[in-house]
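1. Give me coordinates for this.
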Amino acid sequence: MKRLDLKKQILLLMAVFLLSVSPLSASDIWVSVSGNDKNEGTQVDPLQTLNAALRMAREYRRTNHSGVEDGIIIHLKGGEYHLYEPIFIRPEDSGTPGSPTLITAASDENVVLSGGVEIKNWKKKGKFWVADVPDFNGCPLNFRQLWINGAKAVRARDVSDFEQMNRILSCDVRNQILWVPASAVKKIAKARHAEMVLHEMWCVSNLRIKSIKMHGDSAAVRFCDPESKIQFEHPWPRPMVTSNGHNSAFYLTNAHELLDEPGEWFEDTDTRKLYYYPRPGEKIKCAVVPAIETLVRIEGTLERPVRHVAFKNIRFNYTTWMRPSLKGHVPLQAGMYLIDAYRITPKMKRSGDNYLLDNQDWLGRPTAAICVKASSDITFDRCCFEHLGSSGVDYEWATEGGRINGCTFRDIAGNAIVTGSFSTDAQETHSSYDPLDRREVCSGLDITDNYITDVSNEDWGTVGICAGFVSDIRIEHNEISEVSYTGINLGWGWNRTIGCMRNNLVKANLIYHYAKHMYDVAGIYTLGAQPNTLITDNCVYGIYHPGYAHDPKHWFYLYTDEGSSFITVRDNWTESEKFLKNANGPGNIWENNGPMVDSKIKTVAGLEKAYFDIK
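-> Purely as a prediction, here's the structure:
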């Protein structure tokens, strides 16, 4: 009898063990940085990569595995998951309305999807710390950012205080020369890969210097192509040369000769050495450079979109953007860079009552940490986007619905959130966008309760939330601060013709400490015809006053720019009634905006709930 009892006990223990190693249900897949992709994907036997988990989820759905009708949850255990290429989520990874694919941090663990590479083996050399730049995935590692102990270091430049930037003397369009003071460029006259960052009204251009020739107290600076051709042919925005001496400012970067301030760094791409000038008493505990441009790519087709995928409580860290190092960067607006642009004579007559057009522009689009195309109901909930070399999240084309909610965007070189077309490569950007197949339009996206700060910190002409040709979008209860240009950009096209834009809502957002570097600016800015669009209950205050802005008076709290039509701007609290309605179309309504608005709007605007420690 005792032997039978012992046998029963052994069987019971085995049953408990089997239950412990099996997943909570067939829809739960577990991943750990210390796992193995040959494992079963259970909580105690996890996979190692998100790619392997997505493949397992795909097979579960394909074979109608037991439990998938309740949805698939991929649990990422705490740790940093280093990526060598973007995670690619495709139509086969789709869930259904009642059975989504959820990728989430396990419990309250800190989960990071990272495109960063740690630089190790630093050696002291004089006043600098020096390290070898390793290969990455079999290729030379290229980057434009460095983070030391979690803080962004400064790429070596000629000024520490931007108010001390030099100014151009003149612009020779015919010969593609910028004339500058010889004293400004003397130090880098022989530097091989130096760059100029040129302030141009509402954008900055990144120009790779080709040659510098001294002519007395002036110097002729020429640039590499394609940016030189574009820079000197495009009419807007232009470098400023004024009679009162308020010419465009610039700073120089990316030369060893400029490495003269603590906190600065320089990469010698010829010797593949990385130099860092430490701050007093600073020790390098962790040095990270970004290795890839995109962390997650979600892309389907119009016929087979990716559907019902969500990320929750995930941190997305460390991306770069290498185009400025390879081809320069000459933007038109909001970071959208020119691939061709020139003035036209005589001016072009456009349809309807649009103004005559004096220039033609075709655009490219900066990369993003998250790129979403041809997808439906893609959600980011309580995620954090930090240390990024270009845009954060970009719902680029043919997206329906979806939500970006409760997320933090911080320390980002470009736009935090981007959505909608800004004209395809083949479409001239001043034309109305109304595709025959309406599925191409980004529509129905909710951008709510996000905290956005210290973004646009390299590409100064970028913004907090940038929405182009969109419809039925909701931008509500976001807090935006410390941005170089505009807080929220809504619309595109400089055109009164009604196209795809309509039914957009910008409500109860808190925007402050904006226009840190650029003017021709507003807390909230619109372009183009947008029937039934409402801007209401927002609070805007605290604009910066940079001394190098092209026109010190050309700033606003609210700004409806060219073609803005059929938009209602109502009940927005601002410090004063400093607004601009420039070349607007018909149907706009302005009601009760300014400091007289009920103070409750100030109290209610901004975050309803903070999901991260954002202070």
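2. how close does Val569 sit to Ala522?
-> Per CB to CB, to the nearest Å, Val569 is found 11 Å from Ala522. The way it works is simple: take the backbone N, C-alpha and C, and place the C-beta from them, glycine included.
3. Those two: which has the busier surroundings?
-> More crowded of Val569 and Ala522, by other CB atoms under 10 Å: Ala522, with 28 against 24.
4. Could you report the pLDDT at the nearest residue to the more buried one once chain neighbours are set aside?
-> Leaving aside its chain neighbours, Ala522 sits nearest to Tyr559 (3.4 Å; criterion: CB to CB, 6 or more residues apart in numbering). Reported pLDDT at Tyr559 in the predicted model: 98.
5. Would you check that Tyr559 makes contact with Ala515?
-> No - between Tyr559 and Ala515 there is no contact under CB atoms under 8 Å: 11.1 Å.
6. Dig out what the residue most central in space within the chain forms beta bridges with.
-> In the chain, the centroid-proximal residue (CA atoms, centre = their mean) is Ser391; its distance is 1.5 Å. For Ser391, the beta-bridge partners under DSSP bridges are Ala368.
7. Give the full set of residues in contact with it.
-> Neighbour list for Ser391: Gly335, Pro366, Thr367, Ala368, Ala369, Ile412, Gly414, Asn415, Ala416, Ile417, Val418, Thr462 [criterion: CB atoms under 8 Å, 6 or more residues apart in numbering].
8. mind running it again at 6 Å?
-> Counting by CB atoms under 6 Å, 6 or more residues apart in numbering, Ser391 touches Pro366, Ala368, Gly414, Asn415, Val418.
9. Looking at those, which one is closest to Leu102?
-> Nearest to Leu102 among the contacts of Ser391 is Ala368, at 21.7 Å by CB to CB.
10. that's a strand at the residue nearest to Ala522, yeah?
-> Yes - under DSSP: H, G, I helix; E, B strand; the rest coil, Tyr559 falls within a strand.
11. ok, now which ones touch it?
-> Tyr559 is in contact with Ala522, Tyr525, Leu580, counting by CB under 6 Å, 6+ apart.
12. partner residues bridging it?
-> In this entry, Tyr559 is beta-bridged to Tyr525, Leu580, by DSSP bridges.
13. Could you pull out the strands in the stretch 201-350 of the chain for me?
-> Using DSSP state E, counting those that start in this stretch, the strands of the stretch 201-350 of the chain run over residues 203-215, 218-223, 249-253, 264-268, 273-276, 287-290, 296-299, 306-312, 315-317, 331-333, 336-348.
14. what pLDDT does the residue nearest to the centre of the chain get?
-> In this prediction, Ser391 carries a pLDDT score of 98.
15. Also Thr42?
-> 96.
16. And for Gly98?
-> We have a pLDDT of 80 for Gly98.
17. Distance of it relative to Asp70?
-> According to CB to CB, Gly98 stands 8 Å off from Asp70.
18. more crowded one of these two?
-> Shown here are Gly98 and Asp70; by other CB under 10 Å, Asp70 has more neighbours (13 against 9).
19. Skipping adjacent residues, who's closest to that one in space?
-> Counting by CB to CB, 6+ apart, the nearest residue to Asp70 once its immediate chain neighbours are dropped is Ser27, at 5.4 Å.
20. separation between that neighbour and Tyr81?
-> When distance is defined by CB to CB, Ser27 is 21 Å away from Tyr81.
21. ditto for Tyr519
-> From Tyr519 over to Tyr81 (counting by CB to CB), the distance is 41 Å.
22. now do Gly138
-> Noted for Gly138: a distance of 20 Å to Tyr81, by CB to CB.
23. Looking at these two now, which is surrounded by more residues?
-> Each of Gly138 and Tyr81 has its neighbours counted (other CB under 10 Å); Tyr81 has more, 20 against 6.
24. Which strand or helix spans that one?
-> Assigned by DSSP states H and E, Tyr81 belongs to strand 79-82.
25. what about that strand, distance to the chain center?
-> Distance of strand 79-82 from its chain centroid, counting by CA atoms, centre = their mean, to the nearest Å, is 21 Å.
26. helices or strands next to the very next helix or strand once past it in the packing?
-> The helix or strand immediately downstream of strand 79-82 is strand 87-89, counting by DSSP H and E. Where contact means 3 or more CB pairs under 6 Å, 6 or more residues apart in numbering; DSSP states H and E, strand 87-89 is packed against strand 296-299.
27. swap the cut-off to 10 Å and go again
-> With contacts defined as 3 or more CB pairs under 10 Å, 6 or more residues apart in numbering; DSSP states H and E, the packing partners of strand 87-89 are helix 50-62, strand 101-105, strand 296-299, strand 306-312, strand 368-381.
28. Next, His186: secondary structure please.
-> Heads up, residue 186 is Lys, not His. Applying three-state DSSP: Lys186 is helix.
29. from memory it sits against Val221, does it?
-> No - applying CB atoms under 10 Å, one finds Lys186 not in contact with Val221, separated by 11.9 Å.
30. So for these two, which sits in the more crowded spot?
-> When neighbours are counted by other CB under 10 Å, Lys186 and Val221 differ, and Val221 comes out ahead with 24 against 12.
31. which one is the more buried one nearest to, not counting chain neighbours?
-> Distances taken as CB to CB, 6+ apart place Leu178 nearest to Val221, at 4.8 Å, with adjacent residues excluded.
32. tell me the contacts of that neighbour?
-> Residues near Leu178 by CB atoms under 10 Å, 6 or more residues apart in numbering: 168-172, 185, 196, 198, 207, 209, 219-223, 228, 231-232, 239, 248, 250.
33. List buried members of the residues you listed by neighbour count.
-> Among the contacts of Leu178, the ones that count as buried by 16 or more other CB atoms under 10 Å are 168-169, 171, 185, 196, 198, 207, 209, 219-223, 228, 231-232, 239, 248, 250.
34. Please work out how many residues are found near the residue lying closest to Ser160 once chain neighbours are set aside.
-> Excluding the flanking residues, the one nearest Ser160 by CB to CB, 6+ apart is Glu261, at 5.3 Å. Applying other CB under 10 Å, we find 14 residues neighbouring Glu261.
35. again, but for Asp353
-> 9.
36. Show the contacting residues for the residue nearest to it when sequence neighbours are not counted.
-> Once flanking residues are discounted, Asp353 sits nearest to Arg496: 6.1 Å by CB to CB, 6+ apart. Arg496 sits next to 350-355, 432, 528-529, 562-566, 583-587 when contact means CB under 10 Å, 6+ apart.
37. That's all I had, so thanks and see you.
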